[in-house]
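**Student:** Give the three-dimensional model of this entry:
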Amino acid sequence: MKHLLITTFLSLAVYQGLAQQKTTNMLTSPERSKAVQLLQQTEAGVFAAVKGLSEAQLNFKPAADKWSVAECIKHIAAAEKELWAMAEPALSQPANPEKRTEIRFSDDDLVKAVEDRSRRSKTFTALEPANSPYQTVAEALTAFKAGREKLIALVKESKADLRNHIVVLPVGTYDSYQFILLIAAHSNRHTQQIDEVKATLNYPKH
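**Tutor:** Next up, the predicted model:
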């Protein structure tokens, strides 16, 4: 009987230790709150930027080589889908924390770098507005909202070890949590671009 009690106690101790380890490897409450807030704020920013705009305003191009507001929205929606498609497979693979040494950005520095419009970069050909799967702004916004809701739900509910599922891409190495921050910051980057278009001198008044 004594042996059985000791065995049971040890089994419970091991189980509790594993459970504690699993909990530790989940996102913390502050991490979840930070990501959800950024996702929600940048989503609201996209919708606010285009609220009430006419077709003329949506399709106005500041120059032949510049994007219109409509093109920015189509790019945001396409990127939202394709960027997460790059990162999501990492969650179905074993955690690879050994790759953390290749991460070059802190969370905050990553968000700042992506949002910084003073640093220009060319997007992937697949994410050019001309190659967007969305034909209209309304269609793009619907897809954007649906994708954003899935990301917010993931951050709120996921028990996955997002910090130790590392995404290694030609454009850089990030943990899965950071990549969600990157996606949110990316939409804000192009919301700023929309504001730049709207601030152009000959932008239509209505």
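**Student:** okay, CA-based contacts and neighbour counts for the rest of this
**Tutor:** OK.
**Student:** Quick check, central residue of this structure?
**Tutor:** The chain has Ile183 as the residue nearest its centroid, 2.3 Å off, counting by C-alpha atoms, centre = their mean.
**Student:** wouldn't Gln57 be in contact with Ala199 here?
**Tutor:** No - using C-alpha atoms under 8 Å, Gln57 is not in contact with Ala199; the gap is 11.3 Å.
**Student:** Neighbour count: the two, which is higher?
**Tutor:** Taking Gln57 and Ala199 together and counting by other C-alpha atoms under 10 Å, Gln57 has the greater number of neighbours (19 against 11).
**Student:** That one and Arg100, how far apart?
**Tutor:** 44 Å (C-alpha to C-alpha, to the nearest Å).
**Student:** List the buried residues of stretch 189-206.
**Tutor:** For stretch 189-206, burial by neighbour count (16 or more other C-alpha atoms under 10 Å) applies to 189-194, 197-198.
**Student:** starting at the chain centroid, how far to that stretch?
**Tutor:** Relative to the mean C-alpha coordinate of its chain, stretch 189-206 is positioned 24 Å out (C-alpha atoms, centre = their mean, to the nearest Å).
**Student:** Excluding its own residues, what touches that stretch? List them.
**Tutor:** 45-46, 49, 53-54, 56-57, 60-62, 68-69, 72, 76, 114-117 (C-alpha atoms under 8 Å, 6 or more residues apart in numbering).
**Student:** And these, which of them are buried?
**Tutor:** In these, burial by neighbour count holds for 45-46, 49, 57, 60-62, 68-69, 72, 76, 114-115, counting by 16+ other C-alpha under 10 Å.
**Student:** Which members of the residues you listed are the farthest-apart pair?
**Tutor:** Farthest apart among these by C-alpha to C-alpha are Gln57 and Val114. That separation is 26.0 Å.
**Student:** about what we covered before: list the contacts of the residue nearest to the centre of the chain.
**Tutor:** Contacts of Ile183 (C-alpha under 8 Å, 6+ apart): 80, 83-84.
**Student:** Kindly recompute the last result at 10 Å.
**Tutor:** Taking C-alpha atoms under 10 Å, 6 or more residues apart in numbering, we find Ile183 in contact with 38-39, 42, 76, 79-81, 83-84, 111, 114, 148, 151, 189.
**Student:** picking up where we left off before, mind putting the buried residues of stretch 189-206 into CSV with distance to Lys205 and secondary structure?
**Tutor:** Listed next are the buried residues of stretch 189-206 as CSV, based on distance: C-alpha to C-alpha, whole Å; DSSP: H, G, I helix; E, B strand; the rest coil:
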residue, distance to Lys205, secondary structure
Arg189, 24, helix
His190, 21, helix
Thr191, 19, helix
Gln192, 19, helix
Gln193, 18, helix
Ile194, 15, helix
Val197, 12, helix
Lys198, 9, helix
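**Student:** can you map out the helices along this protein?
**Tutor:** Using DSSP state H, the helices of the chain run over 2-25, 29-50, 55-59, 69-87, 107-115, 137-157, 176-198.
**Student:** Give the other helices and strands that the shortest one contacts.
**Tutor:** Under the contact criterion of 3 or more C-alpha pairs under 10 Å, 6 or more residues apart in numbering; DSSP states H and E, helix 55-59 touches helix 69-87, helix 137-157, helix 176-198.
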